[in-house]
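Q: Based on what follows, work out the 3D shape:
(chains A and B)
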Amino acid sequence: MENKILICEDDEVLSSMIKFKLGKDKLGQIMKVSNGKEAMQAIEKYDFDLIISDIHMPFISGMQLLEHVREHRNKDTSFIILSAEGLEATVLEAFDMGVTDFLTKPFSPGELSMRVKRLLAAA
Amino acid sequence: MIQIVTDWIFQQDSKVIFVLGLAASLFCVSVFFLSLIVFSKTSRKRKNTLRERYWPYIQKNLAFIAIQSVTQEGSQADYSKSIEILRALRYKSNTIAQWILEELIKQKANVSGDAGKTMLKVYRDLDLKSHSLRKLKSMKWNIKAEGIHELERMEQKEIFSEFYRFLDSKNHDLRTAARMGLTTLAPNPLSFLDQISEELSEWEQMSIYNRLRNKTKDQLPDFSKYYSHKQQSVVAFSINMTVRFNYFELVPQLIKLLTNCTPSLRVSIVHALSQLEAFQARDSVRRLLQMSKNTDEIVECLKFLGQLDDKSCRHLIWKFMEHPRVEVRMEAVNAAIKLDLEFKFFNTEQEEMFLHFTNELIS
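A: Coordinates of the predicted model:
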């Protein structure tokens, strides 16, 4: 069965870049949303194998989304946080909340694709 | 008509003239502010219309180019077509050029690798460098600083010399922008230090350090070159960098500097020597400790001596256990414990300090 991946990123250019890269590498069925509210709706509707979310988003942050997924949805869903700040406290907080991976911007889309491949294979 | 009005005014009482003048001034001021409000609203509306109209094209074409770069799909012709559209938009107005530039800077901060390089290529192909360079000629300091930031973020190494003239600007933000720009773009990242006479603020020191961390060791300068700089903040910064980048080979120069500088710099030097574990500085630090009257200096010297595996300085350390300043007494007890010296407690305070530091060491 094909993996379901959700990209939550308010930057249109970046989210398109990620979507096409993962799509090209045939990593699964990819859906993208541009804010936390839309992400919540998508999560309620579908069961995703992987969620890639920016830490700062309108309405609901990436951390709040992670908290919601871990508390109310499938605990096994892999979760990658993208962040422009690599502050130790933020990274530790994310891992404490159950994030699977944390990527600091700027990142290479190729590297993200490799990490996604590895996570999906391990799941 | 004018004659009639003038005659009428001269016939009036001074109070009436005053009230009339006041009313006229108020009227002029309100007309001025009203025009300002109308102008700003119109210009905002114009900007919004412009954005609604052209932003989707900018985003679509930039996204297309970015996707091409990450998927390695699409031909040169596709790229050229998108660039042509963006170029047409870029020359339509400065506002649009600025939007494209801001989006490129944003994407450059988001992605690295090929995608990041593509953003630089788009910047070059759209000749946005000239847009940023024009800002350096502006009369406003914030526009100049913005231009410097843009050129720095888009790695325009060939224009670094343009920033030298702002190094000692009266405006702090512009000065900082120029200094940071030169740290990033100049072949020798600290060459600008030779030309500054204004203070290097703590924020600037931290920001320069952050930029130096991205350089390879062979790109780093010889920090000892700045030990004799006329600006004390530059000397303090270069001492700090010596430690941060573990320049053990500069220890002899640091020891030499110890005899020829201000107390605050001496504190930084002894701290640096401690951090570098430069135990060959033992005699110099001991001499300094014997002569010093400055509390910070004494504390730093005691910290240094506490690190040495040498009990020969115990008499000196004991002496400071009776010092009038509590921070000195504490550091002396701490040093004595670290050196595992046998000592008698002169009073209960020393005993308490001893217990405190021993517990700290155990935990």
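Q: What are the boundaries of the helices in chain A?
A: A:12-24, A:36-45, A:62-72, A:88-96, A:109-122 (DSSP state H).
Q: right, so those helices: which one is the most enclosed?
A: Of all these, helix A:12-24 has the most neighbours on average by mean count of other Cβ atoms under 10 Å in any protein chain shown, namely a mean of 22. For every residue, glycine as well, the C-beta is placed using N, CA and C.
Q: what's the helix or strand for the residue nearest the centre of chain B?
A: By Cα atoms, centre = their mean, chain B has its centre lying nearest to B:Glu204, at 3.1 Å. Using DSSP states H and E, B:Glu204 maps to helix B:202-212.
Q: Can you name the next helix or strand after that helix?
A: In N-to-C order, the element after helix B:202-212 by DSSP H and E is helix B:232-244.
Q: Need the phi and psi values for the closest residue to chain B within chain A.
A: Per Cβ to the nearest Cβ, A:Ser108 is where chain A lies closest to chain B, at 3.6 Å. Torsion angles at A:Ser108 (phi, psi; degrees, to the nearest 10) stand at phi -90, psi 130.
Q: ditto for B:Val111
A: Per degrees, to the nearest 10, the backbone of B:Val111 is at phi -120, psi 150.
Q: you'd agree it is up against A:Ser108?
A: Yes: counting by Cβ atoms under 8 Å, B:Val111 does reach A:Ser108; the two are 6.8 Å apart.
Q: Between the two, which has more neighbouring residues?
A: B:Val111 (26 against 17; other Cβ atoms under 10 Å in any protein chain shown).
Q: for the more buried one, what are its contacts?
A: B:Val111 is in contact with A:Leu14, A:Met17, A:Lys105, A:Pro106, A:Phe107, A:Ser108, A:Pro109, B:Ala66, B:Val70, B:Met119, counting by Cβ atoms under 8 Å, 6 or more residues apart in numbering or on different chains.
Q: Lowest-confidence entry in those?
A: Lowest pLDDT within the contacts of B:Val111 is found at B:Val70 (80).
Q: which ones are touching whichever residue of the stretch 251-363 of chain B sits closest to chain A?
A: Closest contact between the stretch 251-363 of chain B and chain A, by Cβ to the nearest Cβ, is at B:Gln275 (21.2 Å). The contact partners of B:Gln275, taken as Cβ under 8 Å, 6+ apart, are B:Val243.
Q: B:Gln307 versus that one, what's the distance?
A: Shown here: B:Gln275 relative to B:Gln307, a distance of 10 Å by Cβ to Cβ, to the nearest Å.
Q: Please apply the same query to B:Thr42.
A: Noted for B:Thr42: a distance of 69 Å to B:Gln307, by Cβ to Cβ.
Q: Check B:Trp8 too.
A: For B:Trp8, the distance to B:Gln307 - Cβ to Cβ - is 93 Å.
Q: Who has more neighbours out of those two?
A: B:Gln307 (17 against 9).
Q: these two touch, right, that one and B:Lys338?
A: Yes: shown here, B:Gln307 and B:Lys338 form a contact pair, counting by Cβ under 8 Å, at 7.1 Å.
Q: B:Gln253: which of the contacts of B:Val111 is nearest?
A: Distance to B:Gln253, by Cβ to Cβ, is smallest for A:Pro106 among the contacts of B:Val111, at 37.6 Å.
Q: one step back: model confidence for the residue of the stretch 251-363 of chain B closest to chain A, exactly?
A: Looking at B:Gln275, the pLDDT reads 92.
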